[in-house]
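A.B. asks: model this:
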Amino acid sequence: MDRWASFDCYGTLIDWDGGVRAELARVFGDARADDLLAQYHAIEPELQASGELSYRQVLTESMRRLGAAEGEVHGLAESLPGWPAFPEVRGTLDELRRRGWSLAILSNTDDDFIAASQVQIGLVFDEVVVAQEIGSYKPAHRHWHEFFRRTNAPRERHVHVAASLFHDIAPSNDLGLTSVWINRLGQSSTDGARPTRELSDLVELPETLDDLVAR
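C.D. replies: From the prediction side, this is the model:
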């Protein structure tokens with residue numbers, strides 16, 4: 001019987017903070033980049049709440065709200081296709097495939113961005129669900145509903161892997177799903193989010209997933 005691992009992309013597989021910060025530093029200067037990155041974290045969920053904006057529009061409007069000149073408001077969207085994967089990602093995903101796992105991405109992004117990010121990762125996923133096609137952003141539950149509708153994956157043989165407590169782990173809890181929190185920043189769990197397991201990166205993920213769902 002199939003085993004499925006679904007992943008958030010940005011922050012989990014692709015270095016989202018690094019990509020956003022680098023562009024903010026280019027536009028606003030390095031001294032302001034950390035403060036503006038924190039502001040961006042607050043602005044983005046507000047813009048995503050209705051599900052009406054594409055992620056390209058979210059990125060553009062976020063830059064506008066941060067005070068970018070009109071000629072720079074598209075900078076984040078234009079830079080995203082080049083944001084790199086974390087160094088252990090490709091090897092980990094190859095090992096999961098070798099062990100028989102099917103792999104999916106559930107992402108708050110657009111079709112063209114996720115296609116570019118799969119090039120950065122160097123692997124084509126078995127299923128991809130993005131906000132643009134379903135008109136909804138996580139932490140709403142529609143990504144998971146659509147994933148299970150498309151794949152018929154048994155819930156007891158599925159694990160969701162993500163770096164965001166707010167966008168991914170908390171809704172996984174709501175849905176009764178097994179989850180692994182990739183805590184790259186050494187944060188404390190907040191808002192009652194309760195991952196099944198916690199890892200600092202993806203290096204030990206194959207063994208962790210095999211422990212959670214037997215072959």
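
A.B. asks: if you count residues, which strand in the chain comes out on top?
C.D. replies: When the chain is parsed with DSSP state E, its longest strand is strand 101-107.

A.B. asks: Restricting to C-alpha, output the next helix or strand along the chain from it in CSV.
C.D. replies: Sequence-wise, the next helix or strand downstream of strand 101-107 (DSSP states H and E) is helix 111-121. Provided in CSV are the C-alpha atoms of helix 111-121 (Å, rounded to 0.1, in the frame of the first residue of the first chain):
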residue,chain,number,x,y,z
ASP,A,111,1.9,27.1,-10.8
ASP,A,112,4.8,28.8,-12.5
PHE,A,113,6.6,29.4,-9.2
ILE,A,114,6.3,25.8,-8.0
ALA,A,115,7.5,24.6,-11.4
ALA,A,116,10.6,26.7,-11.1
SER,A,117,11.2,25.5,-7.5
GLN,A,118,11.0,21.9,-8.6
VAL,A,119,13.8,22.7,-11.0
GLN,A,120,15.8,24.1,-8.1
ILE,A,121,15.1,20.9,-6.1
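
A.B. asks: So which residues make contact with the helix or strand just after helix 111-121?
C.D. replies: Downstream of helix 111-121, the first helix or strand assigned by DSSP H and E is strand 127-130. Strand 127-130 is contacted from outside by 6, 55, 102-111, 113-114, 118, 143, 146-147, 150-151, using CB atoms under 8 Å, 6 or more residues apart in numbering. Quick note: C-beta positions are derived from backbone N, CA and C, even for glycine.

A.B. asks: Stretch 44-57 too?
C.D. replies: Against stretch 44-57 from outside (CB under 8 Å, 6+ apart): 58, 61-62, 77, 108-110, 113, 130-132, 135-137, 140, 166.

A.B. asks: Could you check stretch 173-189 and say which residues are buried?
C.D. replies: In terms of neighbour count (16 or more other CB atoms under 10 Å), stretch 173-189 has its buried residues at 173, 177-184.

A.B. asks: can you redo those residues as JSON lines with secondary structure and distance to Gln39?
C.D. replies: Below are the buried residues of stretch 173-189 laid out as JSON lines (DSSP: H, G, I helix; E, B strand; the rest coil; distance: CB to CB, whole Å):
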{"residue": "Asn173", "secondary structure": "helix", "distance to Gln39": "28"}
{"residue": "Leu177", "secondary structure": "coil", "distance to Gln39": "31"}
{"residue": "Thr178", "secondary structure": "strand", "distance to Gln39": "34"}
{"residue": "Ser179", "secondary structure": "strand", "distance to Gln39": "28"}
{"residue": "Val180", "secondary structure": "strand", "distance to Gln39": "29"}
{"residue": "Trp181", "secondary structure": "strand", "distance to Gln39": "24"}
{"residue": "Ile182", "secondary structure": "strand", "distance to Gln39": "24"}
{"residue": "Asn183", "secondary structure": "coil", "distance to Gln39": "22"}
{"residue": "Arg184", "secondary structure": "coil", "distance to Gln39": "20"}
